[in-house]
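[1] Predicted coordinates and the sequence they were generated for:
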Amino acid sequence: MKETLLKFLLLAVLAMAGLPGCAQYAAVSERPPRFRLEETAAPRLSGAVNEIRDALREQRRDPIPALGLLVSAAREAAGKLETDPSDPVAREAYDFAVARIVRLIGRAGLEPWKQPIQLPGSGGEVLVTRPDPRPAWNPALYRFVPADEFQVRGKFVRERSTRDGIGAPVVAIGRDTNQDYRATFSLPRTFYGVTAVVRFRGRTAELAFEDPLATEAIRLGRREIPLAADFTVPLAVLLAQSNPRRYELPRLLNPGRFQETARICRLQPYDPEKTVVLVVHGLMDTPATWTPLINSLRAERRIRENYQFWFFSYPSGLPYPYSAAILRRELEAAGRIFPLKKPMVVIGHSMGGCIARLLVTDSGETLWREIFRKPPGESGLAPDVRALMEESLIFASVPDVGRVIFISAPLRGSELASGFIGRLGSRFVRLPSHLLQAGGSALDLIQFEIDDLRVRGLPTSIDTLAPNNRFVRAINTIPMNPRVPLHVISGDRGRGGNKDRTRPVMTDGIVPYWSSHIPQARSELVVPSDHSAHQNREAIREVARILTQYAE
């Protein structure tokens, strides 16, 4: 009971310090869409309008005749679009009819990907699906829900990013857990946005699911028309279904229990022609924190065409040099399956920026000697302990990293970590047993200076964010790789500093400007924000500018 009370106090203190609040990240509800077209308002498509309305009345009683009406309506609207792709009435009728076709197939348990569906109508139409040779794109693996049936809201989904065009944006929800998700660096369960389209060849209606992150336009008849997309709803459904928030505090306080969650994950199918953008979250956070940024960036065509998004998730209670070692291992493993043609961009927020910093640093033995005051060979550590310490302290710049964007990164530490809040928080972080044992052995070799942060074992993540931590002091004596361009975005709450935001007393409430500033950065922007600067609109626009400017 006492421990629970103290953890509650810790959470309250961290919340007051400006870390994630209590608002719901994403809330999703389904509701029947409304067909807004009237026969009098669309005389050119009166037949299609009436067929859609008849189908809506018929669908629950008998799905096959309703499907026949919807396919017929989509055929008429598609014919109009071939003549005039910009016709808004034809687009609305086509998109609505296609969305209802997808939904009705699912509700009725029909499977045109296994057996064509014979539909009633003049000449007898047949509904089929276009075969896709990729096993992961087998429609039988998913439940499809049209995006227009979702209402979404929440802290991370305040804006809906869409693309106008033809087709019905749909959320493909995996029916089962992806058994090989770790080996393939994918989500445990798929929540992905696709766009359904129906093409007509004679009496055959061919249903296909297109990837809007890979396809900007499709051919309908003899015309090439922009493909519709909804980039927000799939992310919102993923957040609502997985509820990542419930892991934030446990992964900080008990990282050993969640060691298996440390991994790289792809948010979309791998494309060797697109540059990887790897995002790394911070303390007491999860990859969900990147939703506003990714949602906004995907609305930019040049970014869709040139970049693909991955994230690194890890238990944030681990000392961040150790988390960086895990990330290096993950990058090496991912590179064997998905070799990169172009150097990746890494974006790190808060402690994620500190992890990113270690990816572009050649430490040699400098860190080791600064901490232990003797070379590794003279340490006397057991082989397994020495190997663990070397992995965290002796490393080289990762060659696949070609650019880094730091957002609210405490590169020189945060005084909160060395003050009351940090000391309280660090007490409740329970490191994995192998790290505790290694820390006990290593501690015997360390002679602390009078102003060093003293720890009782291997430092926790909070300890490694303290300005007077020996590792923090040592890492800042080592320059970052000069061949890797760096960019800095910092937050300023406006509670101090002068109006032009140039004095080092600026702070986002957690990280002061003097800690996040990098003199050699290619660009630097201070935005009016608290510590969640990676969700600030100005900051997101700056990330978009950087990615667009350096798109290859």
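    Perfect, I can see it now.

[2] Tell me where the stretch 201-350 of the chain has helices.
    Applying DSSP state H, counting those that start in this stretch to the stretch 201-350 of the chain gives helices spanning 233-242, 248-253, 291-297, 301-306, 320-337.

[3] closest to Arg75 out of those?
    helix 233-242 (26.9 Å; Cβ to Cβ). All C-beta spots, glycine's among them, are computed from the backbone N, C-alpha and C.

[4] quick one on the thing from earlier: pipe the helices of the stretch 201-350 of the chain into CSV and attach distance to Thr190 and mean neighbour count per row.
    Shown next, in CSV, are these (distance: least, Cβ to Cβ, whole Å; neighbours: other Cβ atoms under 10 Å):
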stretch, distance to Thr190, mean neighbour count
helix 233-242, 9, 23
helix 248-253, 23, 21
helix 291-297, 16, 22
helix 301-306, 19, 16
helix 320-337, 18, 19
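
[5] Throw these into a markdown table and include mean pLDDT and distance to Ala74, thanks.
    Output for these, formatted as a markdown table (pLDDT from 0 to 100; distance: least, Cβ to Cβ, whole Å):
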| stretch | mean pLDDT | distance to Ala74 |
| --- | --- | --- |
| helix 233-242 | 95 | 22 |
| helix 248-253 | 94 | 45 |
| helix 291-297 | 97 | 29 |
| helix 301-306 | 97 | 26 |
| helix 320-337 | 97 | 39 |
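
[6] can I get those helices in TSV with distance to Ala97?
    Converted to TSV, the helices of the stretch 201-350 of the chain look like this (distance: least, Cβ to Cβ, whole Å):
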stretch	distance to Ala97
helix 233-242	19
helix 248-253	43
helix 291-297	28
helix 301-306	26
helix 320-337	40
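
[7] Quick one, which of those helices gets closest to Lys274.
    With Cβ to Cβ as the criterion, Lys274 lies closest to helix 301-306 of the helices of the stretch 201-350 of the chain, at 6.0 Å.

[8] can you list contacts of that closest one?
    Applying Cβ atoms under 8 Å, 6 or more residues apart in numbering, the contact partners of helix 301-306 are Leu213, Glu216, Lys274, Thr275, Leu297, Arg298, Ala544, Leu547, Thr548, Ala551, Glu552.

[9] can you rerun that using 6 Å?
    Leu213, Leu297, Leu547, Thr548, Ala551 (Cβ atoms under 6 Å, 6 or more residues apart in numbering).

[10] tally of neighbours for Glu542?
    By other Cβ atoms under 10 Å, the residues close to Glu542 number 21.

[11] Mind jotting down where the helices sit in the stretch 1-150 of the chain?
    2-16, 46-58, 63-83, 88-107.

[12] How much space separates Glu538 from Ser461?
    Distance of Glu538 to Ser461, given as Cβ to Cβ, to the nearest Å: 28 Å.

[13] who has more neighbours, these two?
    Taking other Cβ under 10 Å, Glu538 and Ser461 do not tie; Ser461 has more neighbours (29 against 14).

[14] For Pro139, find the nearest of the helices of the stretch 201-350 of the chain.
    Closest of the helices of the stretch 201-350 of the chain to Pro139 is helix 233-242, at 16.2 Å (criterion: Cβ to Cβ).

[15] for the closest one, packing partners?
    Secondary-structure packing of helix 233-242 (3 or more Cβ pairs under 6 Å, 6 or more residues apart in numbering; DSSP states H and E): strand 27-30, strand 150-153, strand 168-174, strand 191-201.

[16] can I get those strands in a markdown table with mean neighbour count, distance to Ser529 and mean pLDDT?
    Formatted as a markdown table, those follow (neighbours: other Cβ atoms under 10 Å; distance: least, Cβ to Cβ, whole Å; pLDDT from 0 to 100):
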| stretch | mean neighbour count | distance to Ser529 | mean pLDDT |
| --- | --- | --- | --- |
| strand 27-30 | 13 | 24 | 90 |
| strand 150-153 | 17 | 22 | 92 |
| strand 168-174 | 23 | 31 | 97 |
| strand 191-201 | 21 | 28 | 95 |
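
[17] closest one to Val526 among those strands?
    Comparison of these against Val526 by Cβ to Cβ identifies strand 150-153 as nearest, at 30.3 Å.

[18] Residues touching that closest one, excluding its own?
    The contact list for strand 150-153, computed with Cβ under 6 Å, 6+ apart, reads Ala27, Val28, Ser29, Arg31, Val233, Ala236.

[19] got a list of what the residue lying closest to the fifth one once chain neighbours are set aside touches?
    Meaning Val233. Leaving aside its sequence neighbours, Val233 sits nearest to Ala147 (Cβ to Cβ, 6 or more residues apart in numbering; 4.3 Å). If you count contacts by Cβ under 6 Å, 6+ apart, Ala147 has them with Pro169, Asp230, Val233.

[20] Check the burial of the second one by counting its neighbours.
    A count of nearby residues for Asp230, using other Cβ under 10 Å, gives 24.

[21] how far away is it from Ala236?
    For Asp230, the distance to Ala236 equals 10 Å [Cβ to Cβ].

[22] try the first one
    Using Cβ to Cβ, we find Pro169 at a distance of 12 Å from Ala236.

[23] can you check Glu542 too?
    24 Å.

[24] for Pro375, same thing?
    For Pro375, the distance to Ala236 - Cβ to Cβ - is 53 Å.

[25] Then Tyr320?
    For Tyr320 relative to Ala236 (Cβ to Cβ), the value is 30 Å.

[26] So which bits of stretch 100-112 are buried?
    By 16 or more other Cβ atoms under 10 Å, the buried positions in stretch 100-112 come out as Arg100, Ile101, Val102, Arg103, Leu104, Ile105, Gly106, Ala108, Leu110, Pro112.

[27] Same list, the residues you listed, but as a markdown table with pLDDT and distance to Glu370 please.
    Listed next are the buried residues of stretch 100-112 as a markdown table, based on pLDDT from 0 to 100; distance: Cβ to Cβ, whole Å:
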| residue | pLDDT | distance to Glu370 |
| --- | --- | --- |
| Arg100 | 96 | 66 |
| Ile101 | 96 | 65 |
| Val102 | 96 | 60 |
| Arg103 | 95 | 62 |
| Leu104 | 95 | 67 |
| Ile105 | 95 | 64 |
| Gly106 | 93 | 60 |
| Ala108 | 93 | 68 |
| Leu110 | 92 | 67 |
| Pro112 | 93 | 65 |
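
[28] Which one of the residues you listed is nearest to Met389?
    The closest of the buried residues of stretch 100-112, once distances to Met389 are taken by Cβ to Cβ, is Gly106, at 53.9 Å.

[29] Which residue comes closest to Gly317 once chain neighbours are left out?
    Excluding the flanking residues, the one nearest Gly317 by Cβ to Cβ, 6+ apart is Pro255, at 3.6 Å.

[30] and what of Arg298?
    Per Cβ to Cβ, 6+ apart, closest to Arg298 is Phe231, 4.2 Å.

[31] circling back to that earlier point, possible to save the contacts of helix 301-306 as CSV with distance to Ile407?
    Supplementary listing: those in CSV, determined by distance: Cβ to Cβ, whole Å:
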residue, distance to Ile407
Leu213, 23
Leu297, 13
Leu547, 13
Thr548, 17
Ala551, 20
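
[32] ChimeraX command for the buried members of these?
    What follows is the ChimeraX syntax selecting those of the contacts of helix 301-306 that are buried according to 16+ other Cβ under 10 Å:
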select :213,297,547
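
[33] Tell me which two of the contacts of helix 301-306 sit farthest apart.
    Within the contacts of helix 301-306, two members stand farthest from each other by Cβ to Cβ: Leu213 and Thr548, at 16.4 Å.
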